[in-house]
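Visitor: how would this look folded up:
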Amino acid sequence: MDRRTPGFSIIELLIVITMLAILAAIAVPRLLDASEDASTTALTTDLQMLRRQITLYKSQHGERGPHLDENGQTDSANLVRRLRERTTAAGKLDDTGPFGPYMKSWPANPYADPSICKAVAFGTQTQPPRDGTTGWYYNTNTCVISANSTEGGEELDPTQ
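Guide: A predicted model of the protein is given here:
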């Protein structure tokens, strides 16, 4: 009469644990790559959308960028509002204006710190500073927006 209880031997358990470790070693790097690919895709899509909306804004406002107020003065504080709200042909924010809104919400740069991922820096440099102080960089001479994070978005820099 066999008195052993049914179950797995230590060898069988070690084999299963080894197989699981091998599978994990293969799967984890692939998952990390998928996460990086998702961030890159999100940034690419957001940059393309922002650039299209800025181009549309300019075409409807006599080639004026959304960083300019109705008097042609730099008003970078309202750039996001001019793209998210209605405006007149001169670029004045007006709830009854015939133009806009161009987007529902301002996107977050997935490579930037969450506390600054939607912030925009302004300047005239051809390339964004890539200093990570904001999520986005807007060139007031060319009206081109770029990623300002220390990583991500290099393939979409306007000078490359």
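
Visitor: just give the nearest non-adjacent residue to the most centrally placed residue in the chain, would you?
Guide: The centre of the chain sits closest to residue 109, judged by CA atoms, centre = their mean, with a distance of 3.1 Å. Distances taken as CB to CB, 6 or more residues apart in numbering put residue 135 closest to residue 109, at 3.3 Å, once the chain neighbours are dropped. C-betas here are computed from N, CA, C, even on glycine.

Visitor: quick one: the one you found and residue 69, what's the gap?
Guide: 23 Å (CB to CB, to the nearest Å).

Visitor: between the two, which has more neighbouring residues?
Guide: residue 135 (27 against 18; other CB atoms under 10 Å).

Visitor: just to check, the more buried one is in contact with residue 115?
Guide: No - using CB atoms under 8 Å, residue 135 is not in contact with residue 115, being 9.8 Å away.

Visitor: low pLDDT regions in the chain?
Guide: 1-4, 34, 152-160 (pLDDT under 70).

Visitor: that one: strands as residue ranges?
Guide: With DSSP state E, the ranges of strands along the chain come out as 120-123, 136-139, 144-147.

Visitor: could I get the second one in PDB with only the CA atoms?
Guide: It stands for strand 136-139. Extracted in PDB, the C-alpha atoms of strand 136-139 (Å, rounded to 0.1, in the frame of the first residue of the first chain):
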ATOM      1  CA  TRP A 136       6.300  72.200 -24.600                       C
ATOM      2  CA  TYR A 137       8.300  74.900 -26.400                       C
ATOM      3  CA  TYR A 138       6.700  77.400 -28.700                       C
ATOM      4  CA  ASN A 139       8.800  79.400 -31.200                       C
END
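
Visitor: many thanks, have a good one.
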